[in-house]
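**Q** Need coordinates for the following:
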Amino acid sequence: MKTPLLQLMIFVIILLCFSILMYSCDGTKKQSEQFFTDSGDIGDCKLEGYMTYDPVKGIYALTGAGANMWGEKDAFHFVWKEVDGDFSLSSTIAFEGEGVNTHRKIGIQIRESLDANSRYADIAVHGDGLTSLQYRMTKGGVTEELVSVNRAPNQVQLKRQRDHIIMKTGTNIIPDRSDGEIEIKLPSRCYVGIYICSHEDNILETAYFSNVEFN
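**A** Predicted coordinates for the structure are as follows:
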């Protein structure tokens, strides 16, 4: 015969197990949610890019072409969400394979519009390791850059604080200190996301973005 104390202990254990199960299910649900809402090619891309998402691992696989993201216009594959106001977006990044062109690039971007010659700022990690904060101050204007002291980082973070865009890059961790900042007056609501550019019109490259965090 079960005593009241034993019955209470059994009830508490059952309740605890149920709570753990519900938390686990909720955590899985949160992990499986895709943050970005849209994807597509920006500019004149000869080969169509695409994105796949693994909801279990939380990994975005981006495949895209595009001649370049420089000068007065861009051509690349972009995965984005419209964001209003300040934000911080970070990710673990990795190219697939050795690639064809050392100037292929991946990273995080904030963009005024989806036009090829839009104003923007981004972190660009190149195939040869060169890492920079690229930006176009005026629509159709030249592209400028601040080169990071870090090469081939696997952790990147782009942060907006009003008119300030901040780049942080590192290996295995996001450092507290920035390695590049600019001031650019963009509208409050912009397109924010991750991207890939093969730097070759007729070649598709692939990269992986994981541990994506938005604040």
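
**Q** domain assignment for the chain?
**A** 1-33, 38-214 (automatic domain parsing).

**Q** What is the distance between the longest one and the centre of its chain?
**A** Averaging C-alpha coordinates over domain 38-214 and over its chain gives two centres that are 7 Å apart (CA atoms, centre = their mean, to the nearest Å).

**Q** Please name every helix or strand in contact with the longest strand seen in the chain.
**A** Scanning the chain for the strand with the most residues, using DSSP state E, yields strand 200-214. If you count contacts as 3 or more CB pairs under 8 Å, 6 or more residues apart in numbering; DSSP states H and E, strand 200-214 packs onto strand 59-66, strand 87-95, strand 189-197. C-beta here means a position set from N, CA and C on the backbone, and glycine is covered the same way.

**Q** Other residues contacting the helix or strand that the shortest one is followed by?
**A** Where DSSP states H and E defines the elements, the next helix or strand beyond strand 59-66 is strand 69-70. Applying CB atoms under 8 Å, 6 or more residues apart in numbering, the contact partners of strand 69-70 are 75, 76, 105, 122, 124, 134, 143, 195, 197.

**Q** Tell me where the model's unsure across the chain.
**A** Along the chain, segments meeting pLDDT under 70 span 1-32.

**Q** check contacts around the residue sitting nearest the centre point of the chain.
**A** Nearest residue to the geometric centre of the chain (CA atoms, centre = their mean): residue 194, 3.7 Å. Taking CB under 8 Å, 6+ apart as the criterion, residue 194 is in contact with 36, 60, 62, 78, 79, 91, 106, 107, 108, 109, 209, 212.

**Q** beta partners for it?
**A** Legend: beta-bridge partners of residue 194 under DSSP bridges are residue 79, residue 108.

**Q** re the thing from before, name the member of the contacts of strand 69-70 with the most neighbours.
**A** residue 197 (32 neighbours; other CB atoms under 10 Å).

**Q** mind checking how far the nearest residue to that one once chain neighbours are set aside is from residue 58?
**A** Distances taken as CB to CB, 6 or more residues apart in numbering place residue 76 nearest to residue 197, at 3.7 Å, with adjacent residues excluded. Residue 76 is 23 Å from residue 58, where distance means CB to CB, to the nearest Å.

**Q** Just the CA trace of the helix or strand hosting residue 51, in PDB.
**A** Element membership for residue 51, per DSSP H and E: strand 50-54. The C-alpha coordinates for strand 50-54 follow below in PDB (Å, rounded to 0.1, in the frame of the first residue of the first chain):
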ATOM      1  CA  TYR A  50      19.300  28.900 -53.900                       C
ATOM      2  CA  MET A  51      19.100  28.200 -50.200                       C
ATOM      3  CA  THR A  52      18.300  25.100 -48.200                       C
ATOM      4  CA  TYR A  53      17.700  24.900 -44.400                       C
ATOM      5  CA  ASP A  54      18.300  22.000 -42.000                       C
END
